[in-house]
Structures are given as C-alpha cells and as structure tokens.
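Student: Sharing a model prediction with you, sequence too.
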Amino acid sequence: MSRAPITRLLFAGETILLTLLVVVGVQTFVAQPYRVERESMLDTLQDGEMVLVDKLAPRLAGIARGDIVVFEPPPRAGDDGTPFIKRAIGLPGDLVELRDGLVVIDGVPLDESAYVYRGQPTLPTDTITTWEVPPAHLFVLGDHRVDSTDSRMGWLGMVPLERVIGRAAVRYWPVEAATMLSAPGYPELRAAAAETGQAGPATQVSIVRE
C-alpha cells in the first residue's frame, strides 16, 4: 500500500487535533462565547443575544467600573451553575449606597441614565441599603433594576474576583445588533474628586491572582 494516503490521513488527523487544541486554548484563556439568558440586562442586552467574553484583557488591564462581567454564582440548591452576567458598579474599597433610587459611590450619585432600563430606580431588595466592598470583590447590578438577581441579594452578595470569567466585550449576535460593549466614564466621580482634592474611588481593579 502506498504511503501517500497514510501520510495524508496522519496530516489531516494532526491538523484536526491542532485545531481542537487551539479552540480549547482560546476558549480557556482568551475569549469565550456566552448566550444571554433572561432579561436582567435589558435594554443593553436582550434575552438570547450572544456576546464574546474577553478573558485575557481583564487580567492584563483589570475590570473597570461599568464593565459588563460574566461570573460564576455561588453554589445554590436547585441552580445549574449557569454563569451570571451583570455590570460591575462597586470596586474594592467603595462605599456603595442606595439612596432615593440612585446608586451612590463614596457619597457621589452615579449617572446611570445611559444604561439603566427605562430610568428605573435602584431600590434595595431587602433591608440592607449600604455595602462596603471588600478587597478582591465586585458589587454588581443588572441594568434591569427591578428584575435582576445581583449584589443587593444576600445569597449572591458581592462577587469574588476569583469567580469572574471575563468581560463581555462584543455583542455579535444577532448580526444587525453587533456592537462593542464599553464602560461609561462616570465623569461625576472624577469631578467630585477634583473638587475635594482627593484621589477619589478607584476606576478599575486587577483580577490577577497570586
């Protein structure tokens, strides 16, 4: 039997194996597709849309306030462990308050008009209205504030950075809605810091772990 067919088969097998290894490596370390489920991120993201989760850049440049992050929720009876998608609002060291329907960071009300669904107020879901974000954690909220399981709920609470999978960077499906997803700048925080002459709250946090 000619060696040529065998050589071609071996080459094809190696190519397929290499392709699989590249795909697995990319999804493990670089980027991963994620399907949005439910309506907690309306109107920014719709149920059924697909986003590409950047797993590399947050570990190099950090998570910025306002980034949309995908993370693993804590284990809970009856849950299947499906990752959550929310917006990072509070960073380590922040004092987060819910006051008169607004989110207040270190005494400064955030302007969230660009993304909060239909201007909904941000109200507490239980008796707690103030949180201090501990080191290596995020305080997260859904954009659909009256229909979101997020850090306001005791069983979920603040998200350890070690549970963050990555940042939603691009909505790629449906094609007609494809767009980059970026964090707002929150100039009100910078302005408040400039007025007081203090550094102000952090703008981002690294998720690199020792």
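Tutor: Cool, got the structure. Owing to the predicted nature of the structure, the values given are computational and were not obtained by experimental measurement.
Student: quick one: least confident helix or strand in the chain?
Tutor: helix 3-29 (a mean of 46; mean pLDDT, DSSP states H and E).
Student: Just the element for the most centrally placed residue in the chain, please.
Tutor: The centre of the chain sits closest to Val69, judged by Cα atoms, centre = their mean, with a distance of 0.6 Å. For Val69, the element it lies in under DSSP states H and E is strand 68-71.
Student: Just give me how far that strand sits from the chain centre.
Tutor: Taking Cα atoms, centre = their mean, to the nearest Å, one finds strand 68-71 lying 2 Å from the centre of the chain it belongs to.
Student: do the same with stretch 71-87
Tutor: Stretch 71-87 sits 13 Å away from the centroid of its parent chain (Cα atoms, centre = their mean).
Student: which other residues reach that stretch?
Tutor: Under the criterion Cβ atoms under 8 Å, 6 or more residues apart in numbering, residues 34, 36-37, 40-41, 45, 51, 66-70, 115, 138, 140-143, 148-151, 155-157, 159, 163-165, 168 lie in contact with stretch 71-87. All C-beta atoms are positioned from the backbone trio N, CA, C, and that covers glycine.
Student: Which of the residues you listed fall within strands?
Tutor: Those of the contacts of stretch 71-87 mapping onto strands are Tyr34, Val51, Ile68, Val69, Val70, Leu138, Val140, Leu141, Val159, Val164, Ile165, Ala168, per DSSP state E.
Student: contacting residues for the closest residue to Glu112 other than its chain neighbours?
Tutor: Spatially, and ignoring its direct neighbours in sequence, Glu112 is nearest to Val103 (6.5 Å; Cβ to Cβ, 6 or more residues apart in numbering). Going by Cβ under 8 Å, 6+ apart, Val103 touches Ile89, Val96, Glu97, Pro109, Leu110, Glu112, Thr122, Leu141.
Student: nearest to Glu195, of those?
Tutor: Lowest distance from Glu195 to the contacts of Val103 (Cβ to Cβ) belongs to Pro109, with 14.2 Å.
Student: Done for today, thanks.
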